[in-house]
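A.B. asks: build me a structure from this.
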Amino acid sequence: FQHYYITNNLRVGRYTYHIYTCYQNGSHNLKSRMAKAKLCIFLGALLGFLLLKVHWQYEYPGWSETVNITGSLITFERSQDMLLVSRGKDTVVDMYKAMGWSHVHDRYVQICIFRLASQGLLTKYLPYSEVLYKQDIKSRQMNFQDYSLKSLPYILFDQMKQLDGYVDGINSYLQSHPRPLEFILFNYVPEPFVAADVLTINKFIAYAGLNDICLIVEKLVLEIARETDQLDIFKMVFEPHLNHVNDELIEIYKTIKDFRSLGDQNTIHVPKLTNSNNWVVSGKLSQSGFPILGTDPHMDISNNPNIFYESQYIGEDGLNVIGISAPGNPGIVMGRSSYVAWGLTFGMLDMSDYFVENIDNMRYERDGQFLPLKERVISIAGKDCYFYDTNDGHTIERSLESINKPIGSGRYLAAKYALTTDADGSMVDLLSSGVLAKNIFEMKDKLAVNLLGTNYVLADTSGNIAYQQGGNVPTRKTSTGLLPLPAWKPENLWQGYLSADDYHSVVNPPEGFLTTANNHIQDPDKPIVSTFSALPNRVNRIKQLLQSKDKFSTEDFKEFQSDTHSLVAEQILPIVAPYLGTSDIEKELLQWDFVSKLESKPAAFFKILYKKLTTNILHQFFSPDRAEKYITYCAYPLTKLVSRVVESNNATLLPPAVIKQSIRDTLDQYKGEKYGEIEKITINNMIFGGKLPSWLGLDRKEMPTSHCFECVKVGNPRYNQFGGPIYISQAWKMVTDLGTNVLETVLPGGPGGNILSNFYGREIDMFLEDRYKKIEL
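C.D. replies: Sure, this is the predicted structure:
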């Protein structure tokens with residue numbers, strides 16, 4: 001005798017569908033009855049979806065609404081390009097109120113998910129999965145929320161007014177509008193936002209979207225030192241940052257308990273700004289006589305909506321700004337005002353470290369003395385999880401298998417993040433710096449201290465251009481930051497943080513242009529801020545393009561952002577060419593122009609060849625499983641190692657047998673495909689993850705593209721830390737001439753995150769076809 005009861009409520013307007021089955025005697029018809037119940041639930045959900053989509057408002061150009069947000073009258077209207085334009089007073093506070101309202105209006109689900117993720121509450125409110133459980137553990141381990149609460153007393157009055165304005169805008173929308181369909185299905189009711197939530201999301205995105213790469217690279221070095229004898233080969237990649245490695249340190253690494261390897265570590269899956277391009281030319285290199293700026297941040301674009309949100313704010317007396325922000329974060333990250341334009345790339349600044357802690361009976365060692373650990377016991381998904389911190393902000397890293405019990409004695413790995421109280425206020429200033437600035441000089445100095453680790457390029461209507469590096473890099477006495485050191489020795493601990501003057505800065509260079517592409521930027525006369533970087537191929541190609549003409553236009557800049565000329569191929573093909581055979585595709589490869597086009601067969605062949613060559617080079621140093629893990633979870637140093645091996649032209653490091661085997665492997669795999677048949681992008685809804693039928697229109701599958709690895713038009717298929725496929729590419733593209741009031745942009749996915757919206761996924765085709773929309777200030 002079995003009893004089954006299934007219930008599901010789907011509220012559509014004033015209708016409620018209550019579908020249930022109950023009281024089954026025996027199991028004879030169980031499968032068929034269950035199937036019918038599931039079909040009814042699905043059809044009910046589909047009917048509700050279609051009804052809501054038909055009747056959804058706000059989905060036409062020209063729609064407008066005036067809202068009173070805590071005393072400020074702000075008008076919202078939908079432009080012809082479906083941007084949400086807001087109009088109010090000429091104050092940052094009113095702009096932030098408008099931004100908070102806009103973020104929830106167009107990205108309701110996204111902003112709430114970011115808050116839950118940053119607080120480690122995903123499993124509390126969403127259906128359980130191991131991925132969400134791991135993310136909650138990581139967020140709780142990092143303790144973002146506690147750091148934010150501690151920062152509040154240090155936030156200045158004007159900074160707090162801006163945060164409160166943003167929160168007021170969010171809550172105004174939450175209180176006056178129904179929940180989205182996704183949250184109705186999950187029965188989740190968001191609580192009102194507070195200022196600490198904004199600071200917490202800020203840290204979450206700054207760390208998970210940027211700076212966790214520092215710890216991942218350290219973990220790679222640590223694992224290679226512990227488990228292989230190949231650390232010396234990486235000295236050519238990290239020179240001189242591994243010079244302090246010695247046998248004593250390696251023996252300490254081998255004694256670490258509860259060690260989580262790269263593939264097993266708990267991490268946070270959020271789109272990462274690990275690649276990007278930006279460049280600017282002065283008026284002497286432009287056709288208009290004014291600076292032209294281009295920027296395209298690279299992040300995972302495999303989820304819809306995009307992490308970035310594009311909007312415009314217009315003040316009553318001249319304030320006018322267009323750009324992108326991240327829901328949950330107030331301010332314009334990149335964009336253009338009436339006076340200045342700015343774009344950023346990730347600067348690869350080393351703002352987090354691992355240390356080795358010596359634990360004895362719930363106490364940690366410092367200079368021969370033992371101090372009590374701080375213990376936090378938090379219930380996650382119904383399980384008690386134990387977290388431990390030191391007084392100097394080191395958080396003990398533990399595995400999933402041991403997190404549910406108290407810590408034992410031994411040596412453990414601990415992480416330290418640059419989450420200082422004063423940096424929160426600096427981030428508020430940074431995100432508003434471009435809004436009221438009349439020139440680059442009013443903006444530049446506010447960018448030097450931040451939680452992101454950035455390379456900014458700036459331009460203004462007076463003709464100035466500038467570069468500003470910025471971050472919150474710690475002062476280190478005994479290392480440069482790449483090696484985990486024993487924390488019981490006081491000289492190994494952080495000694496404070498670098499000042500604004502310690503970061504590189506350039507104003508109006510004589511060559512007339514500035515560009516960055518995650519390349520190594522280190523002022524030789526200043527403290528070390530970075531221990532690794534991306535390959536120099538993109539920045540070198542951009543420099544080639546910027547030296548290809550005497551005068552440039554925005555049309556040139558758009559072509560540059562679509563450039564798929566591969567300097568990687570230029571480097572590798574001369575090495576491979578002597579070993580190529582006489583097949584048609586090998587002959588075509590020798591005549592290839594190094595440009596990836598949808599119809600190009602040589603481009604497809606080279607893509608496979610590069611992967612095979614990378615794999616076979618790494619197999620000289622690591623087992624196949626270990627090489628695959630390293631390239632999957634920490635690609636930067638591995639691709640750089642391959643590049644250095646190729647550059648060396650050393651037959652010991654790159655024997656002919658490896659090249660010949662790579663060619664044979666490529667010929668075995670290649671079946672005559674064109675580039676567009678093997679390079680494809682899939683963009684799925686961030687909640688349903690491609691699990692719903694494609695005809696619902698929530699996902700775009702297997703779209704051919706000409707994006708390519710380490711080209712300016714970058715395309716990099718990877719896997720996240722949980723093994724899921726992602727695609728790193730241009731998450732926003734902007735070009736603007738400071739002699740006009742026009743921006744040309746494209747945002748894959750468009751402004752809307754509401755699955756019922758008619759402009760959900762609006763700009764995906766524009767992105768694939770290298771088209772732009774024009775927006776006027």
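A.B. asks: where along the stretch 351-500 of the chain do the helices fall?
C.D. replies: Assigned by DSSP state H, counting those that start in this stretch, the stretch 351-500 of the chain shows helices spanning 421-436, 440-444.
A.B. asks: burial measure for residue 623, as a count.
C.D. replies: Residue 623: 11 surrounding residues under other C-beta atoms under 10 Å. Glycine gets a C-beta too; all of them are placed from N, C-alpha and C.
A.B. asks: so what's it scoring on pLDDT?
C.D. replies: We note a pLDDT of 92 for residue 623 in this prediction.
A.B. asks: before we move on, back to that, mean pLDDT and distance to residue 394 added to the helices of the stretch 351-500 of the chain, as JSON lines?
C.D. replies: Below are the helices of the stretch 351-500 of the chain laid out as JSON lines (pLDDT from 0 to 100; distance: least, C-beta to C-beta, whole Å):
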{"stretch": "helix 421-436", "mean pLDDT": "81", "distance to residue 394": "17"}
{"stretch": "helix 440-444", "mean pLDDT": "95", "distance to residue 394": "34"}
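A.B. asks: as a markdown table, those helices with distance to residue 471 would be great.
C.D. replies: Listed next are these as a markdown table, based on distance: least, C-beta to C-beta, whole Å:
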| stretch | distance to residue 471 |
| --- | --- |
| helix 421-436 | 9 |
| helix 440-444 | 15 |
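A.B. asks: save these as a markdown table, and put in distance to residue 398 and mean neighbour count too.
C.D. replies: Listed next are the helices of the stretch 351-500 of the chain as a markdown table, based on distance: least, C-beta to C-beta, whole Å; neighbours: other C-beta atoms under 10 Å:
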| stretch | distance to residue 398 | mean neighbour count |
| --- | --- | --- |
| helix 421-436 | 26 | 22 |
| helix 440-444 | 42 | 21 |
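A.B. asks: so which of the ones you listed gets nearest residue 620?
C.D. replies: Closest of the helices of the stretch 351-500 of the chain to residue 620 is helix 421-436, at 42.8 Å (criterion: C-beta to C-beta).
A.B. asks: need the CA coordinates for that closest one. PDB is fine.
C.D. replies: Extracted as PDB, the C-alpha positions of helix 421-436 are listed here (Å, rounded to 0.1, in the frame of the first residue of the first chain):
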ATOM      1  CA  THR A 421      37.300  48.400   5.600                       C
ATOM      2  CA  ASP A 422      38.600  51.500   3.800                       C
ATOM      3  CA  ALA A 423      38.600  49.800   0.400                       C
ATOM      4  CA  ASP A 424      34.700  49.600   0.600                       C
ATOM      5  CA  GLY A 425      34.500  53.400   0.600                       C
ATOM      6  CA  SER A 426      37.100  53.600  -2.200                       C
ATOM      7  CA  MET A 427      34.900  51.300  -4.300                       C
ATOM      8  CA  VAL A 428      31.900  53.600  -3.800                       C
ATOM      9  CA  ASP A 429      34.000  56.500  -5.000                       C
ATOM     10  CA  LEU A 430      35.400  54.500  -7.900                       C
ATOM     11  CA  LEU A 431      32.000  53.500  -9.200                       C
ATOM     12  CA  SER A 432      30.700  57.100  -9.200                       C
ATOM     13  CA  SER A 433      34.000  58.700 -10.300                       C
ATOM     14  CA  GLY A 434      33.000  59.100 -14.000                       C
ATOM     15  CA  VAL A 435      29.600  60.400 -13.400                       C
ATOM     16  CA  LEU A 436      30.400  64.000 -12.300                       C
END
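A.B. asks: tell me what that helix is packed against?
C.D. replies: Helices and strands touching helix 421-436, by 3 or more C-beta pairs under 8 Å, 6 or more residues apart in numbering; DSSP states H and E, are helix 92-119, helix 144-151, helix 157-176, helix 195-206, strand 320-325, strand 334-337, helix 440-444.
A.B. asks: any idea which of the helices of the stretch 351-500 of the chain gets closest to residue 118?
C.D. replies: Comparison of the helices of the stretch 351-500 of the chain against residue 118 by C-beta to C-beta identifies helix 421-436 as nearest, at 13.6 Å.
A.B. asks: helix 157-176 and that closest one, what's the angle between them?
C.D. replies: Using axes from the mean of the first three to the mean of the last three C-alpha atoms, to 10 degrees, the inter-axis angle of helix 421-436 relative to helix 157-176 is 80 degrees.
A.B. asks: that concludes my questions; thank you for your assistance.
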